[in-house]
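Peer 1: below is the sequence, then the predicted model.
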Amino acid sequence: MSLKDKLTRMRTHMSLEQTERRDELEVERASQTVASVAHTDPTALSAHDRQWEALGAQPYAFAGESVFVRERIYPLTHQHGHYRFGQLYEAIARWQDAGIAHPLSADGLATEDLLFFDTETTGLQGGVGNAIFLLGTTRVTQDGVVMRQHFLPSPDAETALYHSFARDLAPITHLVTYNGKSFDWPQVRTRHTLLRGAVPALPALGHFDLLHGARRLWREDLESCRLSLIEPEKLGVSREHDVPGYMAPILYFDYLHSGDPSAIAGVLTHNEIDVLSLITLYIHLSTLLLGAQPGTYEEHFAIARWYEALGDDEAAAARYDSIAQSTHALRQRATQALGMIAKRRRDWRRAIVALEACAADVEHPVSIDVYVELAKLYEHQIKDYDKAMHYAKAALAACSERSRLTRRSPRFDLHAHTRRIERLARRLTEKM
Amino acid sequence: MGWEGERMLGKRSLAQVLDDFRTAERWKGNLSHWRTIEPRSAQTVPFPPALDGRITDALTARGIPSLYTHQAKAFDHVRGGRNIVAVTPTASGKSLCYHLPILQTLSEDPQARSLYLFPTKALAQDQKTELHDLIRATGLSVKSETYDGDTPSAVRQLVRQAGHIVITNPDMLHSAILPHHTKWVSFFEHLRFVVIDELHTYRGVFGSHVANVIRRLKRICAFYGSHPQFICTSATIANPQELAQHLTEEQMVLIDQSGAPTGRKHFVFYNPPVVNEQLNIRRSATLEARDIASTFLANGIQTIIFARSRVRVEIILTYLQELIRRRLGPRSIRGYRGGYLPSERREIERGLRQGDILGVVSTNALELGVDIGQLQACVVTGYPGSIASTWQQAGRAGRRQGESVVVLVGSSTPMDQYVMQHPEYFFDRSPESARINPDNLIILVDHLKCAAYELPFAQGDLFGHAQVQEILEYLTDEQVLHHVRGKWFWMNDSFPAHNISLRSASQENVVIVDISERGQERVLGEMDRFSSLTLLHEEAIYLHQGAQFQVEKLDYEEKKAYVREVQVDYYTDANLAVQLKVLTEDESRAQDETRWAFGEVSVHAMATIFKKIKFETHENIGSGPIHLPEEELHTSAAWISFSEPLLASLGPEDVERGLIGLAHVLQHVAPLFVMCDPADLHVVPQRKAVHSGEPTIFLYDRYPGGVGLSDQVFREMHTLLVQAETLIAACPCEAGCPACIGVSGAGDKALAASLARLAQGGPRHVA
């Protein structure tokens, strides 16, 4: 019995990589068989070449391998969503003036130092076998926005692919990506390791991963922070007939079988919009972070918390202040945060004023922390044990109430409150 | 109360207790065999001159002034660049066989890296602790760390970059290390040693998978320019060198002469008395083992008791703890099962060494080389299923000086009764061979996918020793790989290692979910689809570690069986209508008018009905239909065909009954000889086989494609049939019992016996 026969017979026992999506494509694939046959025909080959040309792609050859590089130049006046690309210059200039330390700060950088970057890969999980077949980049220069895509037409041409890509990396110092820190860039590294010695070493680059910023600002507002959701909701970018990102691997496999560029054209467009939207997103985040545009109270509050987490109390307080002055639902939490900032600055009076304003705000349930902080401030700083006792009891009451509602065992928390009350009771008697 | 006090209360020494066994009415009639193994003194040599002074100092400080001969040999061979497999008994200092050459290498070259593979996480943890102590004592700056599912991600990165010795298991290597090898560049570039401890556990399906994982490992090493040496250690099996060579595809030097000392050891076979003559049912092995163990414990003799399931562990433990409370004072008896934390284990080990713990009741979780020190007595409840694992459990008793005893208590099963009646089978036969079949097509294809994911294949590449071009072409047709300019590239969006489990028999497994406690649903285990037909149909009683569960629902689409714990006095037995077709006959041998053959078969199986059968009486107390689709299995098989004329005188019914009886015996005897779980080898009798029309008994591998079991059955067919015939003849029952041909009608025993004789090429009637 031949091995092939055996393999066919054993087929039902094998765990073959079948996906439903693939089945949907079977019909399409059948129709492409014609194209696949035509692939070997020299005249048809040039038909594919003409299609590549029409897509704006040129071959790039290196050491006997060849890849396609597709380039488009957009004018700086081009409007993509809420912004024109040229506004990146303003955003970068604003970072120079702000003098704020922030993970997204471009202080000290020129607009041309940034490369906006996104990949399309053959798999959706990290791992050695997940190959990159498309590297898309944009760079904003005085002559316009250069959009460039490096496409791998065959898996044995990776050396040429990364040599071509290296030309984009040469003039820049920072990458701007969406989840690139944990996905795209490690995959690029992995492929470089596999091509040991055959490709130039990767330069050390700064990296702005905009996913983190998007999460900070919009996590509570959006059901997910996918770029395709941020675009319509926050950036004013709309896509038509877009190929969803998860289809990219399947479409690429189809391209490998047929050699027909139209199989992959949709993925090229998808990736192109991704790298263009990254520019808009960076302009938008910078504008919000630097207060050049008001934004919503929620965004404002998220930005304040971000600054606070970075240890920049001053920048945080300015934003909390404006929320605390408003009638927005977040005003109580902003006031509480102001109280805590004042406490860190050892400005006890201001801290107490802010926290008592919180405690007195009848429109919102008061956080237990507010009572606890007030009890501590009155006990340790102001030495007003009566007031401290008042708030310690309020904390205990709130804590019991909460555990009654959530049915969670309150023992640990309750214990801390009870101990404070006992200690205060002792101090009060000592005083008398 | 001190030791003197105990002695004054009339406690007796082990020698005195053993005398009692020989003479007292309670025991002496049940001793089916007693063998004494004489002591052996230590064989040591001075430290090799090449060994770094810091290492010898550390050893000396720990009370090790010299090496046992096997340790020294291992050191020399490894230093000479050879791969070794060291076979040494329990507690002979086997881990120094690899620690010493590796630490020596690290003392000379801090760049060097080593990979330690242990079959389980628990063993890896144990070894880590031991290794850390040794490293600390030497003062060498060697970093060793476990890398498994419990390793925090912050530590992982450090291990990848700077771990000199990475301790892990094959599953982790398969699914987390190899598919991410680019994160391990410096590790693979400098990998010098791969240690495979507990080599004997890598057999059957698991071993066949691991052999392919090692092919992948070696392929990646070659990519990064390293060629590691392999150091294996194994418990006693018949073919350690062959197994190691098969697993690693490297030449191995065998080191099997232990230099460690042993004291005198008594090995006692104890067969509980018959309580039901007609059905040949004996007193429960669990109860007898419990009584024997309490005799030892009552005399202050440190004892380990092995039981087959968790439930039996609990039964014995409860009784013995009661005994302790009444008679033994403060020293305790502990249970020991799978799933104990390393800290608990440490505590038990310490307790045993210091004497605070007098007894341990364990499942075979302890069979693997966890170090609990050496005890004086070991009671094994029921034959553990193989010579090798019996010796491993027996190895728990035995001191370097002084006497020890092992008591093997037989249960009523055919396997146990066979062993009880044939001590020579146990003592004279070399232990079982461990078989693997790395080229099992399904396993090979699975790992070829993983390998292609890790690095592309080029024209002419081998995968280990396997020729794989045809499979690569097949995978290209299946659109898993892409072939271009003489190279095959992974071209699929999945992560193949995540779909492949090294431990399970088939990739399409039914998951068994325990729903006894609401909100506490837990996965009990997995079962291959084929076996689930008869064992997990609705209303089936499923046994897990001795506990009973009833299947409430089998969701065949979703591959989930929901079970609930019950306590009933019956088991279920499902009828499986099996159609078996011979596809190819690869080998055959004729014995007069019977033929033995080996080849490939397709099995179509459909579950039809199930019966509820009462434990004690084997009464049928109910039945029901099973509605499940037909399953198909392609695998290898060995078979015995009887020529039709030869059986003409018997009549069709008699032939059928004889075949069923003989098949029942073979189902129990065959696993003894091929070292496998009885469920891995199926036996099917057919009065008219489809391919020949002749009466035939098939023995086939349960795993698709076969893992070499039926292959070995074919080679050992003669022995197997002789043993089957002997077992039938020796069984004291009248007309068949569960311990031989199964429960059946008058005359069936003789029928089965004559078929067994005919199958060997002998005459039908005894002269």
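Peer 2: That came through, no problem. Numbering: from 1, shown residues only, chains lettered A, B, ... in the order given.

Peer 1: quick one, what contacts the residue of chain A found nearest chain B?
Peer 2: For chain A and chain B, the shortest gap (CB to the nearest CB) falls at A:Gly129, measuring 3.2 Å. All C-beta atoms are positioned from the backbone trio N, CA, C, and that covers glycine. Applying CB atoms under 8 Å, 6 or more residues apart in numbering or on different chains to A:Gly129 gives the contacts A:Thr122, A:Gly123, B:Pro179, B:Ala452, B:Tyr453, B:Glu454, B:Trp490, B:Phe495, B:Pro496.

Peer 1: make it 10 Å
Peer 2: By CB atoms under 10 Å, 6 or more residues apart in numbering or on different chains, the contact list for A:Gly129 reads A:122-123, A:190, A:194, B:179, B:449-456, B:489-492, B:494-497.

Peer 1: same question for A:Ser326.
Peer 2: Counted by CB under 10 Å, 6+ apart, A:Ser326 has contacts A:Tyr297, A:His300, A:Ala334.

Peer 1: and it, which of the three is it?
Peer 2: coil (DSSP: H, G, I helix; E, B strand; the rest coil).

Peer 1: mind pulling the model confidence for it?
Peer 2: You'll see A:Ser326 listed with a pLDDT of 84.

Peer 1: any idea how far it is from A:Thr287?
Peer 2: 20 Å (CB to CB, to the nearest Å).

Peer 1: next up, the contacts around the nearest residue to B:Asp57 once chain neighbours are set aside.
Peer 2: Using CB to CB, 6 or more residues apart in numbering or on different chains and skipping the chain neighbours, the partner closest in space to B:Asp57 is B:Thr138 (7.5 Å). Taking CB under 10 Å, 6+ apart, we find B:Thr138 in contact with B:52-59, B:61, B:99, B:103, B:106-107.

Peer 1: okay, B:Thr138 and B:Ala50: tell me how far apart.
Peer 2: 15 Å.

Peer 1: B:Leu543 - that's part of a strand, no?
Peer 2: Yes - under three-state DSSP, B:Leu543 sits within a strand.

Peer 1: that one and B:Tyr571 touch, don't they?
Peer 2: Yes - between B:Leu543 and B:Tyr571 there is a contact at 7.6 Å, judged by CB atoms under 10 Å.

Peer 1: who's more crowded, these two?
Peer 2: B:Tyr571 (16 against 13; other CB atoms under 10 Å in any protein chain shown).

Peer 1: for the more buried one, give me the pLDDT.
Peer 2: Value listed for B:Tyr571 in the pLDDT field: 77.

Peer 1: next up, the contacts around it.
Peer 2: Counting by CB under 10 Å, 6+ apart, B:Tyr571 touches B:Ala540, B:Ile541, B:Tyr542, B:Leu543, B:Gln548, B:Lys611, B:Lys612, B:Ile613, B:Lys614, B:Phe615, B:His618.

Peer 1: quickly list what the fourth one is bridged to.
Peer 2: Which is B:Leu543. B:Gln548 (DSSP bridges).

Peer 1: separation between it and chain A?
Peer 2: 27 Å (CB to the nearest CB, to the nearest Å).

Peer 1: tell me which element B:Ile471 falls in.
Peer 2: helix B:469-477 (DSSP states H and E).

Peer 1: packing partners for that helix?
Peer 2: helix A:3-9, helix B:441-454, strand B:457-458, strand B:462-463, strand B:481-484, strand B:487-490 (3 or more CB pairs under 10 Å, 6 or more residues apart in numbering or on different chains; DSSP states H and E).

Peer 1: do I have it right that A:Ile421 meets A:Met389?
Peer 2: Yes - A:Ile421 lies in contact with A:Met389 (CB under 10 Å); the separation is 6.9 Å.

Peer 1: who has more neighbours out of these two?
Peer 2: A:Met389 (20 against 17).

Peer 1: OK, contacts around the closest residue to the more buried one other than its chain neighbours?
Peer 2: Among residues not flanking A:Met389 along the chain, A:Leu424 sits closest, at 4.6 Å (CB to CB, 6+ apart). Contacts for A:Leu424 (CB under 10 Å, 6+ apart) come out as A:Ala375, A:Tyr378, A:Glu379, A:Tyr385, A:Asp386, A:Lys387, A:Ala388, A:Met389, A:His390, A:Tyr391, A:Ala392, A:Lys393.

Peer 1: helix, strand, or coil at the last one?
Peer 2: Here A:Lys393 is helix, with the state taken from three-state DSSP.

Peer 1: centre of the chain to the helix holding B:Ile471, how far?
Peer 2: Relative to the chain's own centre, helix B:469-477 is displaced by 34 Å; criterion: CA atoms, centre = their mean, to the nearest Å.

Peer 1: which of the residues in that helix are buried?
Peer 2: Residues of helix B:469-477 classed as buried: B:Ile471, B:Leu472, B:Glu473, B:Tyr474, B:Leu475, B:Thr476 (neighbour count, 16 or more other CB atoms under 10 Å in any protein chain shown).

Peer 1: between it and helix B:441-454, how big is the angle?
Peer 2: Interaxial angle, helix B:469-477 versus helix B:441-454 (axes from the mean of the first three to the mean of the last three CA atoms, to 10 degrees): 70 degrees.

Peer 1: burial measure for the residue lying closest to A:Lys387 once chain neighbours are set aside, as a count.
Peer 2: Nearest residue to A:Lys387, sequence neighbours excluded (CB to CB, 6+ apart): A:Tyr378, at 4.3 Å. By other CB under 10 Å, the residues close to A:Tyr378 number 22.

Peer 1: residues in contact with A:Tyr378?
Peer 2: A:Trp348, A:Ile352, A:Asp384, A:Tyr385, A:Asp386, A:Lys387, A:Ala388, A:Met389, A:His390, A:Tyr391, A:Ala392, A:Leu424.

Peer 1: tell me the residues of the stretch 51-200 of chain A that contact chain B?
Peer 2: A:64-65, A:121-131, A:133, A:153-158, A:186-187, A:189-194, A:196 (CB under 10 Å from any CB of the partner chain).

Peer 1: just the ones of the residues you listed in helices?
Peer 2: Using DSSP state H, the members of these that fall in helices are A:Glu158, A:Pro186, A:Gln187, A:Arg189, A:Thr190, A:Arg191, A:His192, A:Thr193, A:Leu194.

Peer 1: residues near the nearest residue in space to the last one that is not next to it in sequence, how many?
Peer 2: When the adjacent residues along the chain are set aside, A:Leu194 lies closest to B:Thr182, with 6.4 Å between them (CB to CB, 6+ apart). Taking other CB under 10 Å as the criterion, the count of residues near B:Thr182 is 21.
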